[in-house]
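1. output the structure for:
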Amino acid sequence: MQLKPYVRSLAVAVSLAFVAGCSSGGGTQEGSMDGIAGGNGAGGAGGAAGGSGQVSGSGLGQGAGQMAGARIPEVRTIYFAYDSDAIRPEFQSVLESHARFLQGNPDASVVLQGHTDERGTREYNLALGERRAGAVERFLSVQGVSPSQVEVVSYGEERPAARGGNEEAYAQNRRVVFAY
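-> You can find the predicted model right below:
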């Protein structure tokens with residue numbers, strides 16, 4: 001029968017089209033340090049620290065406007081007090097905007113990346129980073145975000161946003177980053 005070679009060619013073409021359509025070029029998004037004690041953490045030495053609060057995207061940034069008319073919130077980093085996993089009041093509006101985006105876009109997903117400063121043991125910092133990301137996950141869950149849309153990862157002290165042994169650098173490293 002002559003149809004079999006055509007079906008095989010069609011299957012290969014469909015597979016290639018699917019793979020090509022799934023590839024995406026990521027981007028970066030810089031987080032904001034609004035609410036950090038001292039107020040000028042984004043300028044001076046903090047602004048010179050390359051990569052501060054940057055995460056790679058999954059290509060949702062441009063297409064997000066097409067999904068339920070919403071865009072991924074611009075602020076993708078929230079910060080924590082020393083040795084704490086309590087969400088600071090000044091970041092609740094940021095978390096609420098992420099919750100609204102995720103609720104309005106059920107196909108979107110996010111990885112919550114927990115980070116710490118360098119003080120403490122590696123094991124303690126991994127656990128603290130996980131507690132921080134878990135606190136954000138619980139906040140989003142209470143707001144109605146589906147647990148299937150959220151993944152928690154802890155990097156502890158392994159991926160600092162700022163290098164240095166001063167409070168300004170420590171404050172930039174105590175964070176949770178939303179990676180879409």
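2. going forward, measure contacts between C-alpha atoms and count neighbours the same way
-> Fine.
3. so Val150 touches Ala108, yeah?
-> No - counting by CA atoms under 8 Å, Val150 stays clear of Ala108, with 9.2 Å between them.
4. where does the chain dip in pLDDT?
-> 1-70 (pLDDT under 70).
5. residue ranges of the helices in it, please?
-> Using DSSP state H, the helices assigned to the chain run over residues 3-22, 44-48, 60-63, 92-104, 122-142, 167-173.
6. first to last residue in stretch 97-113, what's the distance?
-> 18 Å (CA to CA, to the nearest Å).
7. oh sorry, the question was meant for stretch 172-180
-> Start-to-end span of stretch 172-180 (CA to CA) is 20 Å.
8. now stretch 141-160
-> End to end - CA to CA - stretch 141-160 spans 27 Å.
9. check stretch 169-180 too.
-> 25 Å.
10. and for stretch 148-163?
-> Using CA to CA, the end-to-end distance of stretch 148-163 comes to 34 Å.
11. tell me the buried residues in that stretch?
-> 149-157, 160-163 (16 or more other CA atoms under 10 Å).
12. state the pair within the residues you listed that is farthest apart.
-> Spatially, the most separated pair among the buried residues of stretch 148-163 is Gln149 and Arg163, at 31.8 Å (CA to CA).
13. about what we covered before: just the ones of the buried residues of stretch 148-163 in strands?
-> Judged by DSSP state E, the buried residues of stretch 148-163 include Val150, Glu151, Val152, Val153, Ser154, Tyr155, Gly156 as members of strands.
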